[in-house]
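>>> Quick one: sequence and predicted model below, then my questions.
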Number of protein chains: 2
Amino acid sequence: MPRKSDARQRAIVTAARLFQRQGYYGTGLAQILEESGAPKGSFYHHFPGGKEQLALEAIHEAARGLESLFAAAAERTEEPGAFVRTLARGVAYWIEASDFTDGCPVAIFTLESTPAAPALQEACRQSYVTWQRLIADGLSRSGGDKARAERLAEMLVGALEGALMLAMAEASTRPIQVIGEELAEHVATVMRPPRE
Amino acid sequence: MPRKSDARQRAIVTAARLFQRQGYYGTGLAQILEESGAPKGSFYHHFPGGKEQLALEAIHEAARGLESLFAAAAERTEEPGAFVRTLARGVAYWIEASDFTDGCPVAIFTLESTPAAPALQEACRQSYVTWQRLIADGLSRSGGDKARAERLAEMLVGALEGALMLAMAEASTRPIQVIGEELAEHVATVMRPPRE
């Protein structure tokens, strides 16, 4: 039944956009229903858990967007420093595409979920862990210490998250470029491939 | 008139706490008035600009908290790597003190202000710039390239901001420690003091 599934997906995308711009607590179900055009009955059929379930789906949906971006960068780039530059360019493109309105899709839930909504908090944690794992894999493709790659990947997830925040405040990709270049230099120094 | 000024300060502190946990759009004036115990009349006397003015005051108030922390770290630590470790410890203490509930006080406004509230967005940008300047001053106390210190300071503001986010999601200071150590190593390598 394509129409039902369309309505479900439309509700998730609409909710993700509204949550990101107005916050989780600042967005009511009524607005989500109205903007996604979903009838109330079918909404509760798709989302018996209500707004929290919708938020969980929105986190997963949004996290997958950045997962694809990170995985594609890992596919394309072998050398760790170049990989970090590719990540930074991807993140810069991501925020610029929304005219600096939508940064990290998980950030708003992280801020608003502690301690009131532990299920959302756990979904955020899982997103960060998944991104970290993808980036660690990308960093260690050309060899090098796996444990160090994991620590560097955690730094990259955190630093790119913060860089997105600075980029939003300035409505410019400049902070991402500056921060990305520092991160790339550190990673290139530390993850120098073993001599052949 | 100490009582008036008390009421003003109480409204700002209450609003800052509510904004941080529920978001800007998720927090109504009614709740702020109720929880701060401010009479409506005196509220509009102190905050003729309403909720947006209160948010601006909350951003400034909260930003000053981190300013003191960064300035104190710069006072105490001469060597750039040790300075970064002191910053990371300060930020870890900050988030732990609120039981991982209140991270960067400016983050929520950054996410929710673009593009709807340009005055709030500008206040966020100014907070980040001020923190960056304080940290750049701290980094270049023992000499070294000023321009590089500024780029590193921008990386530190971004990365510590993101580290706070990961710490909230995990309800642990572990990510701040891991990220702080990587940042300290990079900064120590790059800002090595000139040989005497």
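Sure, I can see it.
>>> Can you show me the helices along chain A?
For chain A, the helices defined by DSSP state H cover A:2-22, A:29-36, A:40-46, A:50-76, A:80-97, A:107-113, A:118-139, A:146-170, A:174-190.
>>> How much space separates the closest residue to residue A:83 other than its chain neighbours from residue A:86?
Using CB to CB, 6 or more residues apart in numbering or on different chains and skipping the chain neighbours, the partner closest in space to residue A:83 is residue A:77 (4.1 Å). Yep, even glycine has a C-beta here, placed from its N, CA and C like the rest. Distance of residue A:77 to residue A:86, computed by CB to CB, to the nearest Å: 5 Å.
>>> Of these two, which one has the most company?
For residue A:77 and residue A:86, the more surrounded residue by other CB atoms under 10 Å in any protein chain shown is residue A:86, and the numbers stand at 22 against 18.
>>> so who does residue A:149 touch?
For residue A:149, the contacting residues are A:136, A:139-140, A:191, by CB atoms under 8 Å, 6 or more residues apart in numbering or on different chains.
>>> again with residue A:86
Residues counted as contacts of residue A:86 (CB under 8 Å, 6+ apart) are A:73, A:76-77.
>>> Check what pLDDT it gets.
The model reports residue A:86 with a pLDDT of 96.
>>> Kindly report the same for the one 4 residues further on.
We have a pLDDT of 94 for residue A:90.
>>> Cross-check the contact I'm expecting between it and residue A:73.
Yes. Shown here, residue A:90 and residue A:73 form a contact pair, counting by CB atoms under 8 Å, at 5.6 Å.
>>> between these two, which one's more packed in?
Set residue A:90 next to residue A:73 and count neighbours by other CB under 10 Å: residue A:73 wins out with 22 against 19.
>>> right, and the more buried one touches residue A:91 too?
No. Using CB under 8 Å, residue A:73 is not in contact with residue A:91; the gap is 9.6 Å.
>>> Give me the distance between residue A:54 and residue A:120.
11 Å.
>>> ok, those two, which is more surrounded?
Neighbour tally, residue A:54 and residue A:120, criterion other CB under 10 Å: the higher count belongs to residue A:54, 26 against 22.
>>> okay, the more buried one: pLDDT?
Here, the pLDDT recorded for residue A:54 equals 92.
>>> list the contacts for it?
Residue A:54 neighbours (CB under 8 Å, 6+ apart): A:11-12, A:15, A:32, A:47.
>>> Just give the closest residue to residue A:174, not the sequence neighbours.
Going by CB to CB, 6+ apart, residue A:174 has residue A:167 as its nearest residue, at 7.5 Å.
>>> Run a quick neighbour tally on residue A:42.
15.
>>> cool, and residue A:53?
Neighbour count for residue A:53, taken as other CB under 10 Å: 14.
>>> joint contacts of residue A:90 and residue A:73?
Common neighbours of residue A:90 and residue A:73 (criterion: CB under 8 Å, 6+ apart): none identified.
>>> In terms of secondary structure, what does the helix or strand of chain A with the lowest mean pLDDT contact?
None of the helices or strands of chain A scores lower by mean pLDDT, DSSP states H and E than helix A:2-22, at a mean of 83. On a contact count with 3 or more CB pairs under 8 Å, 6 or more residues apart in numbering or on different chains; DSSP states H and E, helix A:2-22 meets helix A:29-36, helix A:40-46, helix A:50-76, helix A:107-113, helix B:107-113.
>>> Distance to residue B:125 added to those, as JSON lines?
Converted to JSON lines, those look like this (distance: least, CB to CB, whole Å):
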{"stretch": "helix A:29-36", "distance to residue B:125": "28"}
{"stretch": "helix A:40-46", "distance to residue B:125": "38"}
{"stretch": "helix A:50-76", "distance to residue B:125": "24"}
{"stretch": "helix A:107-113", "distance to residue B:125": "17"}
{"stretch": "helix B:107-113", "distance to residue B:125": "8"}
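>>> Which of these has the lowest mean pLDDT?
Among those, helix A:40-46 scores lowest, at a mean of 86.
>>> Go through it and flag the buried ones.
Buried positions in helix A:40-46, judged by neighbour count with 16 or more other CB atoms under 10 Å in any protein chain shown: A:43, A:46.
>>> Count the residues that sit near residue A:76.
12.
>>> what residues are up against it?
residue A:86.
>>> measure it to chain B for me?
Distance of residue A:76 to chain B, given as CB to the nearest CB, to the nearest Å: 24 Å.
>>> before we move on, what about residue A:43?
21 Å.
>>> who's in contact with that residue?
By CB under 8 Å, 6+ apart, residue A:43 lies in contact with A:11, A:29, A:33.
>>> Which one of the residues you listed is nearest to chain B?
Distance to chain B across these (CB to the nearest CB) is lowest for residue A:29, with 13.5 Å.
>>> measure that closest one to residue A:113 for me?
Counting by CB to CB - residue A:29 and residue A:113 are separated by 18 Å.
>>> Ok, residue A:87 next?
Taking CB to CB as the measure, residue A:87 falls 25 Å from residue A:113.
>>> Residue A:130 versus the residue lying closest to residue A:126 once chain neighbours are set aside, what's the distance?
Leaving out its chain neighbours, the residue that sits closest to residue A:126 by CB to CB, 6+ apart is residue A:63, at 7.9 Å. From residue A:63 across to residue A:130, the span is 7 Å (CB to CB).
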